[in-house]
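Enquirer: dropping a prediction and its sequence here:
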Amino acid sequence: MILGAHESAAGGCHRVFERCARDGASAVQVWTRSSRQWAAPTLDDAQIAAFKKARRALGGKRFPTAAHASYLINLAAPPGEVRDRSVGALIDELQRADALGIDQVIVHPGAAMGQERDVALRRVGDALVEICRTVGARPKVRLLLELTAGQGSCVGCSFEELAAMLEAAADRRLGVCLDTQHMFAAGIDWTTARGYAATMESFDRVIGLRHLEAFHLNDSKRPLGSRVDRHAPIGHGVIGVAPFKRLLVDERLAEIPGYLETPPLPDGEESYADGLQRLRALLPRGARTASGGRS
């Protein structure tokens, strides 16, 4: 697995690569716009050029990149303002990522908001069809649906629900991002040897491993099956460090980026260096550099 982190874009999107170099990350996830506002400033040519130049310095296309879509987006919303704004915002996310040369856009599918779950799932599929048709064939950005913790009425908290949305949309640009904390909170216990084997078998049977394109690597503040989305830094939650080794040494997941999203909170600017070091320490010595470690 290629180990990366969700780095701050403070001072400009291109600065995420400086922070990657500082932390030892070999992939990056970024906000290209505010995660909690509908409005977004336009990217200008200078910003785009700076981002691409900074990425080239760390390996160019060999350095995986993702944009996390706004938390406001709800593709399951019924017809109306929220639904229309959500579709428009995700189209904008894809177009911004395409301009910057970002590989993936990762989005939470949304919440049912009082609808029956099968209705909400169909609405997600319909929204994805509209979005993919609107952006057209040109953007090469992969659009990944993230498995959710199942908090409230959020949909997409099971492999079956993700499969239903992918089937309804039927677009080759779509894939899946698994969040380790969300799986745990949703009641998917991947943390034991038997549980991990069952989880991967189930994913392959229901969705297909070819659709698994990214991980969010997070510990959990809440217990198994809590259905609460509360991340903890790696090694500071109820999952602990050791279970992550199964992900890191699974050859089926080689070359898939795994993004840490929850740094510790020391004085000064947040850093993922400690979490990345904890994960790389799980690997055989010869594999640490292959996973992107910088010594």
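Expert: On my side now, so go ahead. Numbers count the residues shown, from 1 in each chain.
Enquirer: contacts for stretch 130-137?
Expert: With contacts defined as C-beta atoms under 8 Å, 6 or more residues apart in numbering, stretch 130-137 is touched by 87, 90, 91, 94, 95, 98, 143, 169, 171, 173, 174. Just so you know, the C-beta spots here come from the backbone N, C-alpha and C atoms, and that holds for glycine as well.
Enquirer: closest one of those to residue 190?
Expert: Nearest to residue 190 out of the contacts of stretch 130-137 is residue 174 (C-beta to C-beta; 22.5 Å).
Enquirer: gap between that closest one and residue 143?
Expert: Distance of residue 174 to residue 143, computed by C-beta to C-beta, to the nearest Å: 5 Å.
Enquirer: hey, what's in contact with both of those two?
Expert: Shared contacts of residue 174 and residue 143, counting by C-beta under 8 Å, 6+ apart, come down to 128, 132.
Enquirer: okay, the two: which has more neighbours?
Expert: Per other C-beta atoms under 10 Å, whichever of residue 174 and residue 143 has more neighbours is residue 143, with 24 against 18.
Enquirer: surely that one is within a strand?
Expert: Yes - using DSSP: H, G, I helix; E, B strand; the rest coil, the assignment for residue 143 is a strand.
Enquirer: and the contacts of stretch 130-137, which are buried?
Expert: Among those, those buried by neighbour count (16 or more other C-beta atoms under 10 Å) are 87, 90, 91, 94, 95, 143, 169, 173, 174.
Enquirer: can you pull the buried residues of stretch 43-57?
Expert: 43, 47, 48, 50, 51, 54, 55.
Enquirer: closest one of the residues you listed to residue 69?
Expert: Closest to residue 69, out of all of the buried residues of stretch 43-57 and judged by C-beta to C-beta, is residue 43, at 15.4 Å.
Enquirer: how about the contacts made by that closest one?
Expert: Per C-beta under 8 Å, 6+ apart, neighbours of residue 43: 32, 96, 99, 100.
Enquirer: got a ChimeraX select line for the buried ones in those residues?
Expert: The following ChimeraX line selects those of these that are buried, judged by 16+ other C-beta under 10 Å:
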select :32,96,99,100
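Enquirer: how many residues are close by the nearest residue to residue 83 once chain neighbours are set aside?
Expert: Leaving aside its sequence neighbours, residue 83 sits nearest to residue 77 (C-beta to C-beta, 6 or more residues apart in numbering; 4.1 Å). By other C-beta under 10 Å, the residues close to residue 77 number 23.
Enquirer: now swap in residue 42 and tell me
Expert: The number of residues near residue 42, taken as other C-beta under 10 Å, comes to 9.
Enquirer: just to revisit the earlier point, wait, which of the buried residues of stretch 43-57 is closest to residue 118?
Expert: residue 43 (37.9 Å).
Enquirer: where's the closest one relative to residue 227, distance?
Expert: 37 Å.
Enquirer: as a check, name the ranges of all strands in the stretch 151-295 of the chain.
Expert: Using DSSP state E, counting those that start in this stretch, the strands of the stretch 151-295 of the chain run over residues 174-179, 212-217, 219-220, 231-232, 257-260.
Enquirer: wait, what's in contact with residue 57?
Expert: residue 17 are the contacts of residue 57 under C-beta under 8 Å, 6+ apart.
Enquirer: and what of residue 261?
Expert: Taking C-beta under 8 Å, 6+ apart as the criterion, residue 261 is in contact with 5, 6, 29, 179, 216, 217, 218, 231.
Enquirer: just put the residues you listed in JSON lines and tack on distance to residue 274 and neighbour count.
Expert: Formatted as JSON lines, the contacts of residue 261 follow (distance: C-beta to C-beta, whole Å; neighbours: other C-beta atoms under 10 Å):
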{"residue": "5", "distance to residue 274": "11", "neighbour count": "29"}
{"residue": "6", "distance to residue 274": "15", "neighbour count": "22"}
{"residue": "29", "distance to residue 274": "18", "neighbour count": "25"}
{"residue": "179", "distance to residue 274": "20", "neighbour count": "25"}
{"residue": "216", "distance to residue 274": "17", "neighbour count": "25"}
{"residue": "217", "distance to residue 274": "13", "neighbour count": "27"}
{"residue": "218", "distance to residue 274": "14", "neighbour count": "25"}
{"residue": "231", "distance to residue 274": "15", "neighbour count": "23"}
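Enquirer: where does the stretch 101-250 of the chain dip in pLDDT?
Expert: 138-139 (pLDDT under 70).
Enquirer: re the thing from before, pick out the most distant pair among the contacts of residue 43.
Expert: Taking C-beta to C-beta, no two of the contacts of residue 43 sit farther apart than 32 and 99, at 9.0 Å.
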